[in-house]
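J.: here's a sequence, model it:
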Amino acid sequence: MEQLCLLIVLAPLAASLVAGLAGRRIGRAGSHWVTIVGVGIAFALSAVVFKQVVIDAAGNLNTTVFTWLAVGGLRFEIGFLIDPLSATMMLVVTFVSWMVHIYTIGYMHDDPGYQRFFSYISLFTFSMLMLVMANNFLQLFFGWEAVGLVSYLLIGFWFKRPTAIYANLKAFLVNRVGDFGFLLGIAGVLFWLGTVDYATAFARAPHVQGTTVELFAGSPWSVMTLTCILLFVGAMGKSAQVPLHVWLPDSMEGPTPISALIHAATMVTAGIFMVARMSPLFELSETALSVVMVIGALTAFFMGLVGIVQNDIKRVVAYSTLSQLGYMTVALGASAYAAGIFHLVTHAFFKALLFLGAGSVIIAMHHEQDLRRMGGLRRYMPITYITMLVGSLALIGAPGFAGFFSKDAIIEAVHHADLPGAGLAYTLVLAGVFVTAFYSFRMFFLTFHTDERFRKAHAAGDHGHHGHEPQESPWVVTIPLIALAVPSVLAGYFIDPAVMGDMFDGVIYVAPGHDAIAHLKEGYHGVWSFMVHGFRGPAVYLALAGVAAAWFVYVRRPGLAAAAAARFHGLYRLLINKYYADDFNEAVFAAGGRRIGKWLWEIGDVTLIDGLAVNGSARVIGWFAGVARQMQTGYLYHYAFMMIVGLLGLMGYLYFTYGIIH
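T.: Okay, here's the model as predicted:
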């Protein structure tokens, strides 16, 4: 299996290098074929590994490929940990990435950076695979930083756009904040547990559970609480949790295929995976679990509200990602790790579907993204219409679709959780069901139903769509949509082994007093009974109410939304300005950072370096040279005079020292 693992990670890397370094020689077709084949090989081999590890239960693999560094008794290694958790992530990452690669042929067809884009997205896949397959914190951190770097390159792919440069810089800086906490967390693991190997660290963790450290005098902290919260700060950055969420909506400045890859299967899922992998550590701190749960609940509800007022089709989907990541985070905090990972899997399929469907609409509208200039597209784009309907139903948790099983499992698990903050979290995730259904079908109705507003925009002189009739996208776009629509429906039926079964036993650790999923298993009698049970709770009816409200406001009474915005102007401004988080960051952190930087420049660079070190030393040397220059005039009589003065001085010295002259 070790050879399979090497092929899985090296195939996308080799394809990326070929497309990036030899793209001009092999051409556009060569670039997309080599990367599609590379990622396709990774997917096929990941399916083989998944079958061996999960289906056949042939056993896990924990192996070291090579030692990177050894210092005393500490070893930093590169290796693989293949178990049901990593095998599941490998399968999802490679499949979604493969679909995105195929889709990119149609979406980026006319882009001058075609070869470069394929090189980047294949490198993105390699980075994420290294992260999820790691068996130690060193390799985890390598993959963690690699996905951050490639996301920077891809968000700013259209580097001639100032907004793209602003967005990728924002993503990079915000993630540096999270990664600083993450690195401190790894340092805590190394300091208190004396290792960076997962298995060794997890085995030693219970022995330091009662150890405390004083961050401030008289304020002891559990070292496990401190370490887990620092690790979670890293997850807050990568998985865009409040308040480190601000970079994710702006990542829409990148091309749509990379939006799908970032939001569905790579970067934003890294934090969720990491916390699930670290469950043996997090289970030792109820405080850390409560922090995780409350942060996730706040993100799920309040970011969903912002999605209601967005008019850019991609930004609506982006805010739905923020909200759904909040649901996954809530599950982790409630110790329902299996439900969180299961929602990560189902979400990867329908979120990739929604993003790629939005891209298909953007192609048809000639790169128009404003929902207010769409409408009535269902008769022009039947395949995109049906697949986006499937994705929207999965997103809101409609019974029978993938999102229903994973989201309902999370809601029920939180309902049974006993940790502090569980009541607040349950209220917010339940309210989030209505919000999710409302903004999802607002987008769907404004895009595919209602009046054909693009005609009105053209008649008014806005030629953004060039006056052409919208038409269905080519097969390289629609085939991935259909392929992703299938698991968006069927993936939920694997709840039996993934959540209610023993698929993650021995991989994810849950303390006996925290096992919220155990309550679900007590009343679980199969998939169909789970669906029936869903109708006994409020979630299904809240989703139905959200869809009905969206239809009434935007289809039945289209003027009602504008009237509500005017009536509740303060709330509308709060949401449209995203709770003024960007303004706060700009005023406090960005402006403050610039002021500190200017002060350091004035004191350090201008005063100390230029003023004293460089210019000051030059002035001293100049003064000394000016004095010395007075003795080097070039006149012979001046030199003769100095010789006489010197001779007299020498004679005086001999006289007074040795008494030679009496």
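J.: when you work out contacts or count neighbours from here on, use the C-alpha atoms and nothing else.
T.: Noted.
J.: isn't Ser119 right next to Trp33, touching?
T.: No: contact criterion Cα atoms under 8 Å: Ser119 and Trp33 do not qualify, at 11.2 Å.
J.: where's Val510, which helix or strand?
T.: Val510 is part of no helix or strand when elements are defined by DSSP states H and E.
J.: where does the stretch 501-650 of the chain dip in pLDDT?
T.: 631 (pLDDT under 70).
J.: again, 90 this time
T.: By pLDDT under 90, the low-scoring segments of the stretch 501-650 of the chain are 501-502, 505-506, 512-526, 529, 532-534, 536-537, 558-559, 561-562, 565-566, 581-650.
J.: between Ser119 and Trp33, which is the more surrounded one?
T.: Per other Cα atoms under 10 Å, whichever of Ser119 and Trp33 has more neighbours is Ser119, with 25 against 18.
J.: how close does that one sit to Leu154?
T.: According to Cα to Cα, to the nearest Å, Ser119 stands 10 Å off from Leu154.
J.: in this protein, which strand is the longest?
T.: The strand that spans the most residues within the chain, counting by DSSP state E, is strand 61-71.
J.: and the residue sitting nearest the centre point of the chain, what element?
T.: Residue closest to the mean C-alpha point of the chain, counted by Cα atoms, centre = their mean, is Val268 at 3.0 Å. Here Val268, judged by DSSP H and E, is contained in helix 267-277.
J.: I'd like to know how far Thr83 sits from Ala543.
T.: Not quite, residue 83 is Asp, not Thr. Asp83 sits 35 Å away from Ala543, going by Cα to Cα.
J.: ok, Met1 next?
T.: 44 Å.
J.: with neighbour numbers in mind, choose between these two.
T.: Using other Cα under 10 Å, the more surrounded residue of Met1 and Ala543 is Ala543, with 24 against 14.
J.: my guess is that one meets Ala398, correct?
T.: Yes: Ala543 is in contact with Ala398 according to Cα under 8 Å; the separation is 7.4 Å.
J.: can you point out the buried residues in the longest helix along the chain?
T.: Ordering each helix of the chain by length in residues (DSSP state H) puts helix 162-193 first. Within helix 162-193, the residues that count as buried by 16 or more other Cα atoms under 10 Å are 163-172, 174-176, 178-190, 192-193.
J.: and that helix, what does it pack against?
T.: Other helices and strands packing on helix 162-193, by 3 or more Cα pairs under 8 Å, 6 or more residues apart in numbering; DSSP states H and E, are helix 137-155, helix 198-204, helix 223-238, helix 247-250.
J.: what does the strand or helix carrying Val18 contact?
T.: Assigned by DSSP H and E, Val18 falls within helix 2-21. Defining contact as Cα atoms under 8 Å, 6 or more residues apart in numbering, one finds that helix 2-21 is touched by 26, 30-32, 34-35, 38-39, 41-43, 45-46, 49, 61, 63, 80, 115-116, 118-123, 125-126, 129-130.
J.: ok, now stretch 136-144?
T.: 76-79, 127-132, 134, 186, 196-198, 270.
J.: how about the strands of this protein, start to end?
T.: Taking DSSP E as the criterion, the chain carries its strands at 61-71, 74-82, 212-216, 219-222.
J.: please identify the most buried of those strands.
T.: strand 74-82 (a mean of 20; mean count of other Cα atoms under 10 Å).
J.: between that strand and helix 162-193, how big is the angle?
T.: On the basis of axes from the mean of the first three to the mean of the last three Cα atoms, to 10 degrees, strand 74-82 is oriented at 110 degrees to helix 162-193.
J.: and the angle for strand 74-82 with strand 61-71?
T.: 160 degrees.
J.: name the helices or strands packed onto strand 74-82?
T.: strand 61-71, helix 137-155.
J.: and of the ones you listed, who's closest to His533?
T.: Of all the helices and strands packed on strand 74-82, strand 61-71 sits nearest to His533, with 38.0 Å by Cα to Cα.
J.: can you tell me the strand partners of the closest one and which way each runs?
T.: Sheet pairing for strand 61-71, assigned by DSSP bridges, gives strand 74-82 (antiparallel).
J.: may I have the partner strand exported as CSV, CA atoms only?
T.: This file holds the C-alpha atoms of strand 74-82, laid out as CSV (Å, rounded to 0.1, in the frame of the first residue of the first chain):
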residue,chain,number,x,y,z
LEU,A,74,13.6,13.9,18.2
ARG,A,75,12.9,12.8,14.6
PHE,A,76,11.0,14.8,11.9
GLU,A,77,9.7,12.4,9.3
ILE,A,78,7.6,12.2,6.2
GLY,A,79,5.1,9.4,6.3
PHE,A,80,1.6,8.2,5.7
LEU,A,81,-1.3,7.3,8.0
ILE,A,82,-4.0,5.5,6.0
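J.: state the mean pLDDT of it.
T.: Averaged across strand 74-82, the pLDDT comes to 91.
J.: and stretch 408-420, by the same measure?
T.: pLDDT averaged over stretch 408-420 gives 92.
J.: that one: which residues count as buried?
T.: 408-417, 419-420.
J.: next one: stretch 540-550
T.: Within stretch 540-550, the residues that count as buried by 16+ other Cα under 10 Å are 540-547, 549-550.
J.: from the residues you listed, which is closest to Val499?
T.: Of the buried residues of stretch 540-550, the one sitting nearest to Val499 (Cα to Cα) turns out to be Val540, at 19.9 Å.
J.: surely the closest one and Leu393 touch.
T.: No: between Val540 and Leu393 there is no contact, the gap being 11.5 Å when judged by Cα under 8 Å.
J.: pipe the buried residues of stretch 408-420 into TSV and attach distance to Lys238 per row.
T.: TSV is the format used below for those (distance: Cα to Cα, whole Å):
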residue	distance to Lys238
Asp408	25
Ala409	24
Ile410	21
Ile411	23
Glu412	26
Ala413	24
Val414	23
His415	27
His416	28
Ala417	26
Leu419	25
Pro420	25
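J.: in helices only, show me the residues you listed.
T.: 408-416.
J.: which of the residues you listed sits closest to Arg573?
T.: Closest to Arg573, out of all of these and judged by Cα to Cα, is Ile411, at 30.3 Å.
J.: would you turn the ones in helices among the buried residues of stretch 408-420 into CSV with distance to Leu560?
T.: Below are these laid out as CSV (distance: Cα to Cα, whole Å):
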residue, distance to Leu560
Asp408, 31
Ala409, 35
Ile410, 34
Ile411, 32
Glu412, 35
Ala413, 37
Val414, 35
His415, 35
His416, 39
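J.: that older thread, which of the contacts of helix 2-21 are buried, as a ChimeraX select command?
T.: To isolate the buried ones among these in ChimeraX, judged by 16+ other Cα under 10 Å, type:
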select :26,30,31,32,34,35,38,39,41,42,43,45,46,49,63,80,115,116,118,119,120,121,122,123,125,126,129,130
